[in-house]
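# Need coordinates for the below:
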Amino acid sequence: MKTHHWMVTALLRLYPTAWRREYGPELTGMLLVRPLTAGIVGDVLRSALWQRLRVAEPSTLVGLAMLLVMLNGFVWNIVAPSPYGGEASMLLQNLWGSNLYVLLLVGCGLWTHLRHRGKLDQSGLAAVKISFLAGIPLMLAGILMWLGILGVIVLGPRDTPTTFHEHGFTYTYYDAQIRSCWIRVSEPTIQLQAIQSTTCPPAPLGVMLSPLSRLPASWLWGALGGLLGRWIGRSRRRPLVTSWIPRLLPYWR
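Numbering: from 1, shown residues only. The predicted structure follows:
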């Protein structure tokens, strides 16, 4: 019985707070008087997901959509990497430099301000949420690289990507300038030297922190969208009649 009550409490936690406050006791009573079958649990999970989506902020929905886009690009980069310059590879590495992504952050800041009429900080934080969610797959890649689980292959403009059968669980990184790495060879008599045939993969720590380094710029783009929303809101509230009535008063006299 305690296990059953614990499962009902856990399922109820999946719903938004406002929904639980109004309908929680009724749902709890219904679930406690019947066995929790797989069908009932599935219905509760589906309903909780729908209620979460209904009350979710635009930044959350857009951020989750971008997370799925980036995760899809990350998976396909490993399974079937696209040629150098392909849209998928460029999106995964240069997302924060994309004009479309900047417009997305500005648009979300605008949407957030028009919806809540809040401060510019709220619009900036909405853009930060999108940027953070979109960067989760990249931070995950950095963690896997740091743990030695995910390998890295560096390709230049003229290189051809290998298949998954050839490279295994490896990320294909595209670099316009193939640079040599400084390595220390095993012989003690030979000093530190550059091996021209060895390409430099991105540092795992740099990959992990790169999405976080973009958050201040994302906040600025979101705040810019909020500023635009504030201007639109003021222009809507401005009385249009008062602008032309004073000009007509002399003619009426």
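# isn't residue 205 right next to residue 145, touching?
No: using C-beta atoms under 8 Å, residue 205 makes no contact with residue 145, being 9.1 Å away. (Each C-beta comes from the backbone N, C-alpha and C, glycine too.)
# Looking at those two, which is more packed in?
residue 145 (21 against 11; other C-beta atoms under 10 Å).
# Give me the buried stretch members for the strand or helix carrying residue 10, please.
Per DSSP states H and E, residue 10 falls inside helix 2-12. Using 16 or more other C-beta atoms under 10 Å as the test for burial, helix 2-12 gives 8, 11, 12.
# elements contacting it?
On a contact count with 3 or more C-beta pairs under 8 Å, 6 or more residues apart in numbering; DSSP states H and E, helix 2-12 meets helix 17-32, helix 38-55.
# What's the first helix or strand after the helix or strand harbouring residue 108?
Counting by DSSP H and E, the element that carries residue 108 is helix 99-116. Per DSSP H and E, helix 99-116 leads on to helix 120-146 as the next helix or strand towards the C-terminus.
# Which strands or helices does that following helix pack on?
Using 3+ C-beta pairs under 8 Å, 6+ apart: helix 120-146 touches helix 58-79, helix 99-116, helix 204-213, helix 215-237.
# who touches residue 49 in this structure?
residue 14 (C-beta atoms under 8 Å, 6 or more residues apart in numbering).
# is it true that residue 70 touches residue 139?
No: Residue 70 sits out of contact with residue 139 when judged by C-beta under 8 Å, with a separation of 10.4 Å.
# neighbour count winner among these two?
The residue with more neighbours, out of residue 70 and residue 139, is residue 70; 22 against 16, by other C-beta under 10 Å.
# in the helix holding residue 108, what counts as buried?
By neighbour count on 16+ other C-beta under 10 Å, the buried set for helix 99-116 is 101-102, 104-114.
# Equivalent analysis for stretch 151-165, please.
Result for stretch 151-165 [16+ other C-beta under 10 Å]: buried residues 152, 153, 154, 155, 159, 161.
# State the pair within those that is farthest apart.
The two members of those with the most space between them (C-beta to C-beta) are 152 and 159, at 13.6 Å.
# what's the domain layout of the protein?
Domain ranges of the chain: 1-55, 56-237, per automatic domain parsing.
# got these as JSON lines, with mean pLDDT columns?
Below are the domains of the chain laid out as JSON lines (pLDDT from 0 to 100):
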{"stretch": "domain 1-55", "mean pLDDT": "82"}
{"stretch": "domain 56-237", "mean pLDDT": "80"}
